[in-house]
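In: below is the sequence, then the predicted model.
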Amino acid sequence: MKEKRKISILSAAMGLCCALSVPAVVLAAETLSSAQKAEVQEMIGAYLKENPEVVIEAIQAWRKQQDAAEAAITRKAIAELMAEAADTKSPVWGNPEGNTIVVEFFDYNCPYCKKVFPSMEKLIAEDGDIKIVMKELPVLGPDSEYAAKAALAAQMQGKYDQFHARMMNQGGRLSREGVLAAAKAVDLDLNQLQKDMQSPEVQQELARSSAWAQRLGVNGTPAFVIGEELIPGAIDGQRMKQYVELARKKNQQ
């Protein structure tokens, strides 16, 4: 009888090890005596020492489940972002009626954002169906936030594109003085600009961009959303074209 009890406990221990089910462990703990619990724990410990691959396989399975869950969340966020981008309040670069949408998260003091800027200019020049939705994401400090607010205020004067290009082409870090110099160079009304920078509309747009970045897991710039793909980091013009063509094909299916 004692042997049968021991075999039964051992079977339970092995089942727990293989399944690694938390509810099952809790249930088993509730139905075993203190001595039996200690015996099960000892058996599980010995089994895992002899078969460490069980733990590795369980961790790998858990990671796979986590990755799948995170991917599903990201896909949902991308779909909702693209739905918003179709009728966006964010600045638009390129063709406002373009059917192929690219969303860019960027910072005016990000050297990698400035590095990809010429490729984006070329893409817009060569492809008349591109709509680039600009998401200001000032992650590099107060000067970056000041520049982002100025750009959104420039949109209110109808000069976002010129101001954006001027700041992206300006070498080095942009100070507040540098931002205002860029604004003056493209004939913006500086008094109106500084007033609009404090407007609720500008604050709301920055908050929306930040919220989207958080949902997508974007914590650095640049980052792009093209079609159904989230692409973190700088990419060259050729890869950007490939992502655009892929998105276009999927839209046509």
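Out: Arrived safely.
In: every contact and neighbour count from this point should use C-alpha atoms.
Out: OK.
In: and the next helix or strand past the helix or strand in which residue 75 is found?
Out: In this structure, residue 75 sits in helix 53-85 according to DSSP states H and E. Once the chain leaves helix 53-85, the next helix or strand it forms, by DSSP H and E, is strand 92-94.
In: mean confidence for that next one?
Out: Strand 92-94 carries an average pLDDT of 93.
In: with stretch 240-247 instead?
Out: On average, stretch 240-247 scores 93.
In: ok, now stretch 156-171?
Out: Across stretch 156-171, the per-residue pLDDT values average to 94.
In: mind listing what's buried along it?
Out: Neighbour-count burial for stretch 156-171, counted by 16 or more other CA atoms under 10 Å, picks out 156, 159-160, 162-168.
In: which ones among the residues you listed map onto helices?
Out: Taking DSSP state H, the ones among the buried residues of stretch 156-171 that sit in helices are 156, 160, 162-168.
In: need the residues you listed in a markdown table (columns: distance to residue 184).
Out: Below are those laid out as a markdown table (distance: CA to CA, whole Å):
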| residue | distance to residue 184 |
| --- | --- |
| 156 | 15 |
| 160 | 13 |
| 162 | 11 |
| 163 | 9 |
| 164 | 13 |
| 165 | 14 |
| 166 | 11 |
| 167 | 12 |
| 168 | 15 |
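In: can you tell me which two in the residues you listed are farthest apart?
Out: Longest distance between any two of those is 19.1 Å, between 156 and 168; criterion CA to CA.
In: mind exporting the C-alpha coordinates of stretch 39-52 to CSV?
Out: Output of stretch 39-52 as CSV, limited to C-alpha atoms (Å, rounded to 0.1, in the frame of the first residue of the first chain):
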residue,chain,number,x,y,z
GLU,A,39,8.2,14.3,-0.9
VAL,A,40,6.8,15.7,-4.1
GLN,A,41,9.1,18.7,-3.9
GLU,A,42,12.1,16.5,-3.4
MET,A,43,11.1,14.3,-6.4
ILE,A,44,10.5,17.3,-8.6
GLY,A,45,13.8,18.8,-7.6
ALA,A,46,15.7,15.6,-8.3
TYR,A,47,13.8,15.1,-11.6
LEU,A,48,14.7,18.6,-12.8
LYS,A,49,18.3,18.2,-11.9
GLU,A,50,18.4,15.0,-14.0
ASN,A,51,16.4,16.5,-16.8
PRO,A,52,17.2,20.3,-17.0
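In: tell me which residues of that stretch are tucked away?
Out: Within stretch 39-52, judged by 16+ other CA under 10 Å, the buried ones are 39-40, 43-44.
In: tabulate those residues (CSV), appending pLDDT, secondary structure and distance to residue 202.
Out: Compiled in CSV, the buried residues of stretch 39-52 are given as follows (pLDDT from 0 to 100; DSSP: H, G, I helix; E, B strand; the rest coil; distance: CA to CA, whole Å):
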residue, pLDDT, secondary structure, distance to residue 202
39, 76, helix, 65
40, 75, helix, 62
43, 80, helix, 63
44, 78, helix, 59
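In: what's the helix holding residue 75 packed up against?
Out: strand 100-106, helix 200-216 (3 or more CA pairs under 8 Å, 6 or more residues apart in numbering; DSSP states H and E).
In: off-centre distance for the first one?
Out: Okay, so that is strand 100-106. Strand 100-106 has its C-alpha centroid displaced from the chain centroid by 12 Å (CA atoms, centre = their mean, to the nearest Å).
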